[in-house]
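J.: Using only what follows, build the 3D model:
(one chain, ligands or ions: 1)
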Amino acid sequence: NTPNLANPALFQLQPFVNGQFVAIADTFDVDNPSTGETLAKVGNAPVSLAQEAIEVAHKALISWRAQTAKARAGILRKWNDLILANADDLARLMTLEQGKPLAEAKGEVAYGASFVEWFAEQAKRIEGSVLESPQPGRELLVLKQPVGVCAAITPWNFPIAMITRKVAPALAAGCTVVVKPAEQTPLSALALAVLAKQAGIPDGVFNVITADSARSIEVGKVLCESETVRKLTFTGSTEVGRILMAQCAPTIKKLSLELGGHAPFIVFEDADIDQAVDGLIASKYRNAGQTCVCSNRVYVQQSIMAKFAEKLAEKVKLLPVGDGLADGSVIGPLIDGQALEKVTRHVNDAVAKGAKLVAGGKPHSLGGRFFEPTVLTHANHDMLISQEETFGPVAALFPFEHEDEAVFHANNTPFGLAAYFYTKDSARTFRVGRALEYGMVGINVGVFSNEVGPFGGVKQSGLGREGSVWGIEEFLEMKYLCIGV
Ligand code: ADP
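T.: Now for the predicted structure:
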């Protein structure tokens, strides 16, 4: 049942430790969210293999951090080139295990590679400092050194990019990594491992521990509690982030956390309405609404609400729903049955509390895990959708009268990852841009992620930043040298 790949070697089914795929008899099923069929049986790594991975990563650290930054950069550059050269296969595997339309999967492969390219470049730009001593006869230096062995726990919604965004800066800095990918999408992670080895990333520097959901919890504990692991970098829910943070407390581990969001998307009456409709569609319906930066609350100024809702509904009704490999699909299936249940619950709750459906509203006639792209108007703050991340293709429109009111509601949440607003007024651009309590704000754009901008949240959306010139700092420690001369 091998998927039809140009490079069949990318289809690996076993955890990757010390440069080898380790045969584990105990397996778990990875399914295709579009059909529900089993795609692969993947090795369910025992906790002892996670411990071994930490040990080999610790051994590999000595020679990896001793390589010149230029040498590490060269290897990362090769990994980038191989990812791009195998983009079609990687995208196909991703669509099969994750469900997103093939065009989006290809976009993610390029986006994922962009972090490898970027941090290959940044490896060469790690800089320390020489300080002016307040006392005579002393030289004061600041060195930047790799943190050490890192653990990365990643989610299923971006099976490649969430790994490269963590692993590339870690490796560039001279760290080694043990990755525990999401149980839904281990195949993309294992394919990345094949290419990492081919690129010349030395054995033990990059390890992948695949595990089912129960075993993931045990492996997570081992990674958090290890004294050898110096840093945990995690992308996932706020709920799990909190557990991992607590588990990391005894060893005072360094942490980067990219957690849940509940993005507001504000459309002011001076906005270009067509542009705002397109921006919302990009922000909301990408990956069937399953990204942490997807807008979840759409605030529309009352004077333009009718027009905006009508234009939006018209376009949303036309979004093609279907299997990610089928030509022209724009909305794929949700990841699992629980996701479908949550989206259905959010929509039903909203309708029961007075929302009006202007597009979609129920599981799709295709059946399985497909949900109709949906638009609701007359949303209010008693509805579940106003408080919890929906993670599905549902836009809920909340009316507002004044700018202050929109900003108040936008900020009235424990989350602070991404926000969006549309306006043509430059004073408002700055005023609202500053007032929103979010790590990232898209203004007149619905998609802002790239390797150059610092990605991350405030409040309960997380700690630290990924990508950008700052992303590598998360994997570097400062050391102060005070030298008597
Ligand atoms: P999502 O809601 O996107 O599935 P989760 O936060 O549940 O996000 O999962 C993100 C990652 O965290 C996955 O790799 C998953 O296996 C892992 N995970 C979930 N629960 C735990 C836990 N208690 N300990 C360690 N890892 C966990």
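
J.: residues from the stretch 201-350 of the chain in reach of the ligand?
T.: Contact residues (C-beta under 6 Å from any ligand atom) of the stretch 201-350 of the chain with the ligand: 213, 216-217, 220, 236-237, 240, 243-244. Every C-beta, even on glycine, is put in place using the N, C-alpha and C of the backbone.

J.: Buried subset of those as a PyMOL selection?
T.: In PyMOL, selecting the buried portion of those, with burial taken from 16 or more other C-beta atoms under 10 Å, looks like this:
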select buried, resi 216+220+236+240+244
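
J.: export the residues of the stretch 201-350 of the chain next to the ligand to TSV and tack on secondary structure, distance to residue 257 and pLDDT?
T.: Shown next, in TSV, are these (DSSP: H, G, I helix; E, B strand; the rest coil; distance: C-beta to C-beta, whole Å; pLDDT from 0 to 100):
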residue	secondary structure	distance to residue 257	pLDDT
213	helix	20	98
216	helix	17	98
217	helix	17	98
220	helix	13	98
236	coil	9	98
237	coil	10	97
240	helix	10	98
243	helix	11	98
244	helix	8	98
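
J.: just the residues of the stretch 201-350 of the chain next to the ligand now: which is nearest residue 258?
T.: Checking these against residue 258 by C-beta to C-beta gives residue 236 as the nearest, at 7.8 Å.

J.: ok so, going back, among the residues of the stretch 201-350 of the chain next to the ligand, which one sits closest to residue 447?
T.: residue 236 (21.1 Å).

J.: Surely that closest one touches residue 153?
T.: Yes: applying C-beta atoms under 8 Å as the test, residue 236 and residue 153 come out as touching, 6.7 Å apart.

J.: how about the helices in the stretch 1-150 of the chain?
T.: Using DSSP state H, counting those that start in this stretch, the helices of the stretch 1-150 of the chain run over residues 47-66, 69-85, 87-98, 102-123.

J.: which helices and strands sit right next to the shortest one?
T.: Of the remaining helices and strands, those touching helix 87-98 by 3 or more C-beta pairs under 8 Å, 6 or more residues apart in numbering; DSSP states H and E are strand 38-43, helix 102-123, helix 186-199.

J.: same thing but 7 Å
T.: helix 102-123, helix 186-199 (3 or more C-beta pairs under 7 Å, 6 or more residues apart in numbering; DSSP states H and E).

J.: contact partners of that helix?
T.: 3, 5-7, 10, 30, 32-33, 39, 83, 100-102, 105-106, 108-110, 156, 159-160, 184-185, 187-188, 191, 324-325 (C-beta atoms under 7 Å, 6 or more residues apart in numbering).

J.: Now residue 369: closest residue in space that isn't a chain neighbour?
T.: The spatially closest residue to residue 369, leaving aside those adjacent along the chain, is residue 333, at 4.0 Å (C-beta to C-beta, 6 or more residues apart in numbering).

J.: what's the spacing between that neighbour and residue 261?
T.: Here the criterion is C-beta to C-beta, to the nearest Å. By it, residue 333 lies 22 Å from residue 261.

J.: Local confidence estimate at residue 414?
T.: Confidence per residue is given as pLDDT, and for residue 414 that number is 97.

J.: who touches it in this structure?
T.: 459-460.

J.: Please report the distance of it from residue 389.
T.: 11 Å.

J.: Any regions of this structure where pLDDT drops low?
T.: Per-residue confidence of the chain (counting by pLDDT under 70) places the weak regions at 1.

J.: And the residue nearest the centre of it?
T.: For the chain, the residue lying nearest the average C-alpha position, counting by C-alpha atoms, centre = their mean, turns out to be residue 162 (4.6 Å).

J.: how much space between it and residue 183?
T.: When C-beta to C-beta is the yardstick, residue 162 and residue 183 sit 14 Å from each other.

J.: Likewise for residue 270?
T.: According to C-beta to C-beta, residue 270 and residue 183 sit 46 Å apart.

J.: try residue 427
T.: Using C-beta to C-beta, one obtains 48 Å as the distance from residue 427 to residue 183.

J.: When these two are compared, which one has more neighbours?
T.: Here residue 427 and residue 183 are compared on neighbour count by other C-beta atoms under 10 Å; more neighbours surround residue 183, at 19 against 8.

J.: The more buried one: what's it in contact with?
T.: Shown in contact with residue 183 (C-beta under 7 Å, 6+ apart): 28, 211-213, 216.

J.: Could you do residue 449 as well?
T.: Contact partners of residue 449, counting by C-beta under 7 Å, 6+ apart, are 293, 455.

J.: at 10 Å what do you get?
T.: Contact analysis of residue 449 by C-beta atoms under 10 Å, 6 or more residues apart in numbering lists 111, 114, 158, 161, 165, 291, 293, 418, 440, 442, 455, 466-467.

J.: before we move on, what about residue 266?
T.: The neighbours of residue 266, taking C-beta under 10 Å, 6+ apart as the test, are 276, 295, 297-301, 398, 400, 403, 406-407, 409-410, 419-423, 432, 436, 443.

J.: The residue of the stretch 351-485 of the chain found nearest the ligand: neighbour count?
T.: The stretch 351-485 of the chain approaches the ligand most closely through residue 391 (7.6 Å), counting by C-beta to the nearest ligand atom. A total of 23 residues lie near residue 391 under the criterion other C-beta under 10 Å.

J.: Can you get me a residue count around the residue lying closest to it once chain neighbours are set aside?
T.: In space, and not counting its chain neighbours, residue 391 is closest to residue 290: 5.0 Å by C-beta to C-beta, 6+ apart. In terms of burial, residue 290 registers 24 neighbours under the definition other C-beta under 10 Å.
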